[in-house]
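**Q** Mind looking at a prediction? Sequence and model below.
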Amino acid sequence: MGGHSHWSTIKRKKGAEDAKRGKVFTKIIREITTAARVGGGDPNGNPRLRLAIVKAKDVNMPADNIKKAIQRGTGELPGVHYEEAVYEGYGPGGVAMLIETTSDNKNRSVSEIRNLLEKNGGRMADAGSVAWMFHRKGRIVVDKSKADEEKLMNLVLEAGAEDLRTEDDSFEVITSPHDFENVRKVLENQKIETISAEVASVPQNYVSLQGKDAEQMLKLMEALEDHDDVQNVHANFDIPQDVMEKVAAK
């Protein structure tokens, strides 16, 4: 899964660029509003909202923006009503995809997502045909320069993590959704900085891609993640690092 993890690294490096365009703010504000609507406006009793606020602070979102997004979710301020939906699809080479959306117009969203898939060698799939290939896991990424591997492993396993994986320049902590918040808090209390922390749909196996399929898959990922209604894209591709970097540089 090295290739897929490297895509996350590329995404993080492009984060500052996306923030300048307001893309990151738009998506996080929708997540905060939806989390507050579903689970209430108090982050202490709403883990989803708490995590969304952490993400907002990571990209230097002003506190007033966060407050107003919460108030729109709880109904204290008027705002757009967003609906959540998860679409299933296939990418180039038979890659399985889960596309999470938050939209004020689901008909528009599904039409545009179908169009993006078809333009980039993919297609929509029937509900249930892809979801079984993924399981929900907590995933916390720590820069290798920020922690000693042995100490980190002992710390996270004691806190309830399932595994610690080593990538090129980072450690990836895997947890159950139930233990995710506890592990994240332990790292925070130990002053160990995290690059990212999320509960995500992790593939149970991976499809290796090369050549044209690999390039087309990455273009599809970029196109989907650039769409305002798309919150997250999960896919089971594995692409060589040099191909990743070549496409990302274009």
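**A** Yep, that arrived. All values reported here derive from a predicted model rather than from experimental measurement.
**Q** how about the strands in this protein?
**A** Remark: strands assigned in the chain by DSSP state E are 83-90, 96-103, 123-124, 134-143, 163-166, 170-175, 196-203, 207-208, 230-235, 237-238.
**Q** any idea how this protein splits into domains?
**A** When the chain is parsed with automatic domain parsing, its domains come out as 2-74, 83-132+205-238, 133-203.
**Q** These into CSV, with extra columns for mean pLDDT and distance to Lys246?
**A** Any C-beta I mention is one placed from the backbone N, CA and C, and that applies to glycine too. Output for the domains of the chain, formatted as CSV (pLDDT from 0 to 100; distance: least, Cβ to Cβ, whole Å):
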stretch, mean pLDDT, distance to Lys246
domain 2-74, 82, 11
domain 83-132+205-238, 94, 8
domain 133-203, 91, 16
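**Q** mind giving me a markdown table with these and columns for mean neighbour count?
**A** Shown next, in a markdown table, are the domains of the chain (neighbours: other Cβ atoms under 10 Å):
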| stretch | mean neighbour count |
| --- | --- |
| domain 2-74 | 17 |
| domain 83-132+205-238 | 18 |
| domain 133-203 | 17 |
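**Q** so what secondary structure elements neighbour the helix of greatest length in the chain?
**A** For the chain, the helix with the greatest residue count under DSSP state H is helix 23-39. Packed against helix 23-39, as judged by 3 or more Cβ pairs under 8 Å, 6 or more residues apart in numbering; DSSP states H and E, are the following elements: helix 15-20, helix 47-58, helix 63-74, strand 96-103, strand 230-235.
**Q** looking at this structure, which residue lies furthest from center?
**A** Within the chain, the residue lying farthest from the chain centre (Cα atoms, centre = their mean) is Glu76, at 28.3 Å.
**Q** for it, phi and psi?
**A** phi -70, psi -30 (degrees, to the nearest 10).
**Q** Not including adjacent chain positions, what is the nearest residue to it?
**A** Counting by Cβ to Cβ, 6 or more residues apart in numbering, the nearest residue to Glu76 once its immediate chain neighbours are dropped is Gly41, at 7.8 Å.
**Q** need the contact list for the residue lying closest to Glu112 once chain neighbours are set aside.
**A** Leaving out its chain neighbours, the residue that sits closest to Glu112 by Cβ to Cβ, 6+ apart is His227, at 6.6 Å. Contacts for His227 were tallied using Cβ atoms under 8 Å, 6 or more residues apart in numbering; they are 112-113, 116.
**Q** Now do His227 against Arg123, distance only.
**A** Per Cβ to Cβ, to the nearest Å, His227 is found 17 Å from Arg123.
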